[in-house]
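1. have a look at this prediction, sequence included:
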Amino acid sequence: MEQTSMQALLQADEERLRHTLRADDSIEKSREQSLETLHEELGSLLLRYNAACAPDRMRQALADCVTAAVRDSLGLLKAAGAEKETARRESSGWAMLLLLIAAVAAAASVLLFGRARLVGAVCAGAAVIAAFAAGRLWFRKQAVTVRPTLDPEALWHGLRRTSETMDQKIDAFCERAPEWAAAQEPAGGADALGEEELRLFGDLLEALYAENGDFALRQLAKIKPCLRALGIETEDFNGENAELFELFPSRHPGLTLRPALKAGDRLLLAGRATEQAE
């Protein structure tokens, strides 16, 4: 059976998602709405991916990790702000008209200054004022409103590349996971024995070769501390823990023949004890 991928699930939503993003940009005119659309789409992808990979807990966990990172990073698209800016543009007829008036007034001032100084002076003043006003109006300031937008096509292609990367990372991790797990498994064989265990076995073998029973019994007393170091506890028979023991009839009740071995609440090896025969 072919493995489900984020990219394949996203491609199934392509038409609907692209239409929604275009509507958010042209109708809603809201960058926040576009980001909300992407956020919901990623959530839907994760739910469908996990449903398709229900038996594979590792893939589900990895998909959740990468999707959560992508969803949280969507907020970075809102980090840029937008402000009103003041632009300068070339004015239309007013500046040209005032400049023409200034030129005519200056020419009249030159012609009339010798005959009628007062009129010439007035024309000269009008020329200066008209020229000054034309210069101020030649480039007029205008407030421009900037609306931040998100390109729907760029968003779609970016999300598609992101889904492809998510699939690659999930597949790469799942391929390497068995190798990493094998490398982290505790060593078996001789490497599994610690220094205390090796010393105990050595002493017991020495007692065996020397045929020294007393020495062997003294070494056996070290077994309990070794087991305790491995997380294994011994429990003697006390009459109330019969479920942990194999009981044998005897004239001597409550005698522990072999202690039960436990790791926490788990019984590793049943003990042996005697109970008085009726």
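-> Cool, the structure landed.

2. for the closest residue to P259 other than its chain neighbours, the count of nearby residues, please.
-> Nearest residue to P259, sequence neighbours excluded (CB to CB, 6 or more residues apart in numbering): T234, at 3.9 Å. Where you see a C-beta, it was placed from the backbone N, CA and C, and this is true even at glycine. By other CB atoms under 10 Å, 16 other residues sit near T234.

3. ok, T234 touching L261?
-> Yes - at 6.2 Å, T234 counts as touching L261 under the criterion of CB atoms under 8 Å.

4. which neighbours do these two have in common?
-> Here T234 and L261 have L227 as joint contacts, going by CB atoms under 8 Å, 6 or more residues apart in numbering.

5. so for stretch 260-273, what gets flagged as buried?
-> Going by neighbour count (16 or more other CB atoms under 10 Å), the buried part of stretch 260-273 is 260-262, 271-273.

6. tabulate the residues you listed (a markdown table), appending pLDDT and secondary structure.
-> Output for these, formatted as a markdown table (pLDDT from 0 to 100; DSSP: H, G, I helix; E, B strand; the rest coil):
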| residue | pLDDT | secondary structure |
| --- | --- | --- |
| A260 | 89 | strand |
| L261 | 86 | strand |
| K262 | 88 | strand |
| G271 | 87 | strand |
| R272 | 86 | strand |
| A273 | 87 | strand |
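
7. which stretch of helix or strand covers E164?
-> Assigned by DSSP states H and E, E164 belongs to helix 152-184.

8. by contact count, what packs against the next helix or strand after that helix?
-> Once the chain leaves helix 152-184, the next helix or strand it forms, by DSSP H and E, is helix 195-210. Applying 3 or more CB pairs under 8 Å, 6 or more residues apart in numbering; DSSP states H and E, one finds that helix 195-210 contacts helix 213-220, helix 223-229.

9. name the residues that touch stretch 211-231?
-> Applying CB under 8 Å, 6+ apart, the external contacts of stretch 211-231 come out as 194, 196-197, 200, 203-204, 206-208, 233-234, 261, 263-264.

10. the nearest residue to L257 once chain neighbours are set aside and P259: what is the separation?
-> Spatially, and ignoring its direct neighbours in sequence, L257 is nearest to R272 (4.1 Å; CB to CB, 6+ apart). To P259, R272 is 9 Å away according to CB to CB, to the nearest Å.

11. can you check Y49 too?
-> Taking CB to CB, one finds Y49 at 52 Å from P259.
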